[in-house]
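J.: Here's a sequence, model it:
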Amino acid sequence: MQDSILTINENSFISGKLWLMRLKAPQLAGRVKGGHFVMIEVSPTYDPMGRRAFAIGDVRGDEILIFYDVVGRGTYLLSTMKKGDKVRVFGPLGKRLFSYEGEKHLLIGGGVGLAGLSLYGKELRAMGKEVVFVYGARSAEHLGMLDWLRDESFEYVIFTDDGSAGRKGLVTDILREFDREWVVSACGPKPMLKALSKLSQETGHRVFMSLEERMACGWGVCLGCVVKNPQGAYQRVCYEGPVFEASEVVF
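T.: Numbers count the residues shown, from 1 in each chain. Just a heads-up that it's a prediction; the model follows:
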């Protein structure tokens, strides 16, 4: 990991709340794996304080791609940055990443959580694995990464809460349609991950989850991103994770 000042090559609105930032990162791009994340300084002042964590959604040549939702002051400030601006980035971060075991992989992404799986999916396909993405959102307007799935020619299934695109329902509904040979990896809102964890106890699937927690440092010092395991101990998402098996986390 390293702290770098990177140049913004693109920062554009996609749809709903989703934006895409492309960063020129020649020293970083070659070391990134699926599941890695970075901490980005959204303001050079202390307003807001601390950096924000973002999954590395893809790597294109010497660029890294960051898909992000504008949900607060920090991400709003990020969205105001222009092409050519400089931004301070710390990474790549994450000690425990996704599993490459097994030949069939079901990748379940809720909202912008799909960005936490996208690069991993490309890695699996390059290894000759069978990959199916499941992408869920509140409505068609919030399926901002659908073009990415199409451009990359992945097999995918769409769910929306209101039925405005794909199937109406929750992404977790699909788990019963795949046998236990499929290794499941997921990233998205905590209620989605909690429901998936519970359902996997019934179906017997092995489920890996990339957790999204608020964090200030990204390397295990601030203890702001801890989650509890079944033994009652706490694990740091940024350092022991961000990927855990569903059986290792108490929601």
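J.: Show me what stretch 240-249 is in contact with.
T.: Outside of stretch 240-249, the residues that reach it under the criterion C-beta atoms under 8 Å, 6 or more residues apart in numbering are 35, 37, 94-98, 116, 185, 193, 196-197, 200, 206-212, 220, 227-230, 235. For glycine as for every other residue, the C-beta is placed from the backbone atoms N, C-alpha and C.
J.: can you check stretch 90-102 too?
T.: Outside stretch 90-102, the residues that touch it by C-beta under 8 Å, 6+ apart are 1-4, 28, 31-40, 51, 53, 56, 117, 120, 123-124, 127, 129, 181-183, 185, 206, 208, 210, 218-219, 238-244.
J.: residues contacting L149?
T.: Taking C-beta under 8 Å, 6+ apart as the definition of contact, the neighbours of L149 are F133, Y135, Y156.
J.: Phi first, then psi, for the residue nearest to G72 when sequence neighbours are not counted.
T.: Closest residue to G72 in three dimensions, ignoring its sequence neighbours and counting by C-beta to C-beta, 6 or more residues apart in numbering: P48, at 7.9 Å. Summarising the backbone geometry of P48 under the convention degrees, to the nearest 10, its torsions are phi -80, psi 160.
J.: does P48 really touch R73, like I thought?
T.: Yes. Counting by C-beta atoms under 8 Å, a contact exists between P48 and R73, whose distance comes to 5.2 Å.
J.: Please identify which of these two sits among more neighbours.
T.: Between P48 and R73, counted using other C-beta atoms under 10 Å, the more crowded position is P48 (15 against 12).
J.: From S118, how far off is the more buried one?
T.: According to C-beta to C-beta, to the nearest Å, P48 stands 27 Å off from S118.
J.: same thing with R88?
T.: To S118, R88 is 24 Å away according to C-beta to C-beta.
J.: Which one's more surrounded, these two?
T.: Using other C-beta under 10 Å, the more surrounded residue of R88 and S118 is S118, with 24 against 14.
J.: Skipping its backbone neighbours, what lies nearest the more buried one in space?
T.: Setting aside the residues directly before and after it, S118 is nearest to G57 in space (C-beta to C-beta, 6+ apart), at 5.0 Å.
J.: And the strands in the stretch 151-251 of the chain, which stretches?
T.: According to DSSP state E, counting those that start in this stretch, the stretch 151-251 of the chain carries its strands in the segments 155-160, 167-168, 182-187, 207-210, 226-228, 234-236, 243-245.
J.: Run the angle between the top helix by length along the chain and strand 182-187 for me.
T.: The longest helix of the chain (DSSP state H) is helix 190-203. Relative orientation of helix 190-203 and strand 182-187, computed by axes from the mean of the first three to the mean of the last three C-alpha atoms, to 10 degrees: 160 degrees.
J.: Now do the buried residues in helix 190-203.
T.: When burial is assessed from 16 or more other C-beta atoms under 10 Å, helix 190-203 yields the following buried residues: M192, L193, K194, A195, L196, S197, L199, S200, T203.
J.: Dump it to PDB, keeping only the CA atoms.
T.: Included here for helix 190-203 are C-alpha records, laid out as PDB according to Å, rounded to 0.1, in the frame of the first residue of the first chain:
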ATOM      1  CA  LYS A 190     -26.100  -4.900   5.400                       C
ATOM      2  CA  PRO A 191     -29.700  -6.000   5.300                       C
ATOM      3  CA  MET A 192     -29.100  -7.900   2.000                       C
ATOM      4  CA  LEU A 193     -26.000  -9.500   3.400                       C
ATOM      5  CA  LYS A 194     -27.800 -10.500   6.600                       C
ATOM      6  CA  ALA A 195     -30.600 -12.100   4.700                       C
ATOM      7  CA  LEU A 196     -28.100 -13.900   2.400                       C
ATOM      8  CA  SER A 197     -26.200 -15.200   5.400                       C
ATOM      9  CA  LYS A 198     -29.400 -16.600   7.000                       C
ATOM     10  CA  LEU A 199     -30.600 -18.200   3.800                       C
ATOM     11  CA  SER A 200     -27.200 -19.800   3.200                       C
ATOM     12  CA  GLN A 201     -27.700 -21.800   6.400                       C
ATOM     13  CA  GLU A 202     -30.700 -23.400   4.800                       C
ATOM     14  CA  THR A 203     -29.300 -23.900   1.300                       C
END
